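> the following comprises the amino acid sequence and a computationally predicted model.
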Amino acid sequence: MKRALFDDVGSYPLPEGTAKEWIKEAFAKIHVEPEPTSYKDKLYGIIKDAGWQKLNAGVGVPNYPQFQNMISQFIEPIMDDERTEAPLLIREEEANMVEMDAIEELAREYGEKRGEKLKVRMCVTGPIELYYSQFSTPVYIDMLSNLAKSVGRFVKHTIEEAKGNRNCEVKCVSIDEPSIGLDPRIEEEGIITALEFASEYAFRKGVDTQIHLHSPILYETVCQTEGINVIGLESAANPSLLSLIDKKQLEEHDKFLRVGVARTDILSMAAEYDEIHHTNAFKDSGVLETVVNEYNSPEKVKKRLEKAYSIFDDRIRYVGPDCGLGPFPNQELAYMVLKSTAAGIGDFYNGPRSV
């Protein structure tokens, strides 16, 4: 059995005392003031520290710590006339991701400490998600295509920049499309074309390209997209999603899975626990830690992996938490999830299987 890679989806809680408003201002200041500033030093430090937390917890292919809003992070530069060459088509030199720049120092330190190149995951918000966040139906394919090409340019710029940094390698690109299969406005028209434009560069360079879905209802459409080779499932919170995927179809299209093995729906977990134990997880001291340990214990992570492998076996290429950890109230709880996930994954691959 080939061991799947342990990655995370990206978002992470801010450190205590750092406001979302400051983060937004810092990213804006860095764009207009490229020279070193107090904003840049502090922001890069926050990103680097969160990156180290992910690595120290055992994540094998960490996503850059995502602190920005997933829509505005990409749609604001794409809709900025001064940064585009055509409507919704960003210029290649403007398709820069501050977060990936910020982890260059982390990559250097990692290389010095561990003697190997840091492998990272980068996520970009998908063209379908971006389009429907700004426009209603009907879908204008030319506008959607330019959006998708812009997403592809963020991918290209980042992969090329990483190649110039001998300590860093983009191992995986994730195109995040949480609304596909959930938003009733979204039709199949244009999905394949848009996803091909967004994933084309990574595919040509041999970089794994995931699609992060919250529902696999349209996974058969995704299977027809050449540039995407890994389909993500939030199967820890929703184990029934595994039954919606046909392994034979994955094999026919040579697609793989990223399987969620740790729950990240902290509000639902807390509500379930409170109802059973008559507590208030967000008010009673220590209850949230108990919730995280109970729902994402190494034993439960291991059992989820066993279930997934019993169905898909070698079609599983990545495993990790269902979604991002940004909604968690603090970094300590998020770290606990990653640490327990790493332990459960290790137990699965290194220890005896449950019957």
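The structure has been received and is ready for your questions.

> quick one, strands of this protein?
Taking DSSP state E, the strands of the chain run over residues 5-6, 84-86, 89-90, 118-125, 168-176, 208-212, 230-233, 256-262, 316-321.

> ok, the longest one: who's next to it in the sheet?
The strands that strand 168-176 pairs with in its sheet are strand 118-125 (parallel), strand 208-212 (parallel) (by DSSP bridges).

> between it and strand 316-321, how many degrees?
Interaxial angle of strand 168-176 relative to strand 316-321 (axes from the mean of the first three to the mean of the last three C-alpha atoms, to 10 degrees): 80 degrees.

> off-centre distance for strand 168-176?
Strand 168-176 sits 9 Å away from the centroid of its parent chain (C-alpha atoms, centre = their mean, to the nearest Å).

> ditto for the first one
The chain centroid and the centroid of strand 5-6 are separated by 13 Å under C-alpha atoms, centre = their mean.

> just give the strands next to it in its sheet, each with its orientation.
Counting by DSSP bridges, the strands paired with strand 5-6 are strand 316-321 (parallel).

> mind listing what's buried along the strand it pairs with?
Judged by neighbour count (16 or more other C-beta atoms under 10 Å), strand 316-321 contains these buried residues: Ile316, Arg317, Tyr318, Val319, Gly320, Pro321. Bear in mind the C-beta positions are built from the backbone N, C-alpha and C, glycine included.

> and stretch 73-85, by the same measure?
Of all the residues in stretch 73-85, those buried under the rule 16+ other C-beta under 10 Å are Gln73, Phe74, Ile75, Pro77, Ile78, Met79, Arg83, Thr84.

> now stretch 337-347
For stretch 337-347, by 16+ other C-beta under 10 Å, it's Val337, Leu338, Lys339, Ser340, Thr341, Ala342, Ala343, Gly344, Ile345, Gly346, Asp347.

> alpha carbons only: can I get it in CSV?
In CSV, the C-alpha atoms belonging to stretch 337-347 read as follows (Å, rounded to 0.1, in the frame of the first residue of the first chain):
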residue,chain,number,x,y,z
VAL,A,337,-6.6,18.6,15.4
LEU,A,338,-3.5,18.5,13.2
LYS,A,339,-1.5,16.6,15.9
SER,A,340,-4.2,14.0,16.4
THR,A,341,-4.7,13.6,12.7
ALA,A,342,-1.0,12.9,12.3
ALA,A,343,-1.1,10.4,15.1
GLY,A,344,-4.1,8.6,13.6
ILE,A,345,-2.5,8.5,10.1
GLY,A,346,0.7,7.2,11.6
ASP,A,347,-1.2,4.5,13.5
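
> what lies in contact with that stretch?
4, 6, 8, 53-54, 57-59, 261-262, 264, 292-293, 296-302, 304-305, 319-321, 325, 328 (C-beta atoms under 8 Å, 6 or more residues apart in numbering).

> hmm, try it at 6 Å
Outside of stretch 337-347, the residues within contact range by C-beta atoms under 6 Å, 6 or more residues apart in numbering are Phe6, Ala57, Gly58, Val59, Ala262, Val292, Asn296, Pro298, Val301, Lys302.

> give the rounded mean pLDDT of it.
Stretch 337-347 carries an average pLDDT of 98.

> now tabulate the strands of the chain in a markdown table and tack on distance to Phe197 and mean pLDDT.
Formatted as a markdown table, the strands of the chain follow (distance: least, C-beta to C-beta, whole Å; pLDDT from 0 to 100):
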| stretch | distance to Phe197 | mean pLDDT |
| --- | --- | --- |
| strand 5-6 | 26 | 98 |
| strand 84-86 | 14 | 96 |
| strand 89-90 | 11 | 98 |
| strand 118-125 | 12 | 97 |
| strand 168-176 | 11 | 96 |
| strand 208-212 | 12 | 97 |
| strand 230-233 | 18 | 96 |
| strand 256-262 | 21 | 98 |
| strand 316-321 | 23 | 98 |
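
> closest to Val170 out of the buried residues of stretch 337-347?
Leu338 (20.3 Å; C-beta to C-beta).

> least confident secondary structure element in the chain?
Lowest on mean pLDDT, DSSP states H and E among the helices and strands of the chain sits helix 20-32, with a mean of 88.

> list the helices and strands that one packs on?
Identification of packing neighbours for helix 20-32 by 3 or more C-beta pairs under 6 Å, 6 or more residues apart in numbering; DSSP states H and E yields helix 38-57.

> repeat the analysis, applying 8 Å as the threshold.
helix 38-57, helix 98-114 (3 or more C-beta pairs under 8 Å, 6 or more residues apart in numbering; DSSP states H and E).

> please produce JSON lines containing those helices, extended by distance to Asn280, mean pLDDT and mean neighbour count.
Formatted as JSON lines, the helices and strands packed on helix 20-32 follow (distance: least, C-beta to C-beta, whole Å; pLDDT from 0 to 100; neighbours: other C-beta atoms under 10 Å):
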{"stretch": "helix 38-57", "distance to Asn280": "27", "mean pLDDT": "94", "mean neighbour count": "18"}
{"stretch": "helix 98-114", "distance to Asn280": "35", "mean pLDDT": "92", "mean neighbour count": "18"}
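
> who's in contact with Asn293?
Neighbour list for Asn293: Met336, Ser340 [criterion: C-beta under 8 Å, 6+ apart].

> select, out of the strands of the chain, the one closest to Gln249.
Of all the strands of the chain, it is strand 230-233 that lies closest to Gln249, at 10.4 Å by C-beta to C-beta.

> can you list the strands that that closest one pairs with?
Sheet pairing for strand 230-233, using DSSP bridges, gives strand 208-212 (parallel), strand 256-262 (parallel).

> which residues are in contact with it?
For strand 230-233, contacts defined as C-beta under 8 Å, 6+ apart pick out 172, 174, 208-213, 216, 219, 222-223, 241-242, 245, 250, 255-260, 317-318.
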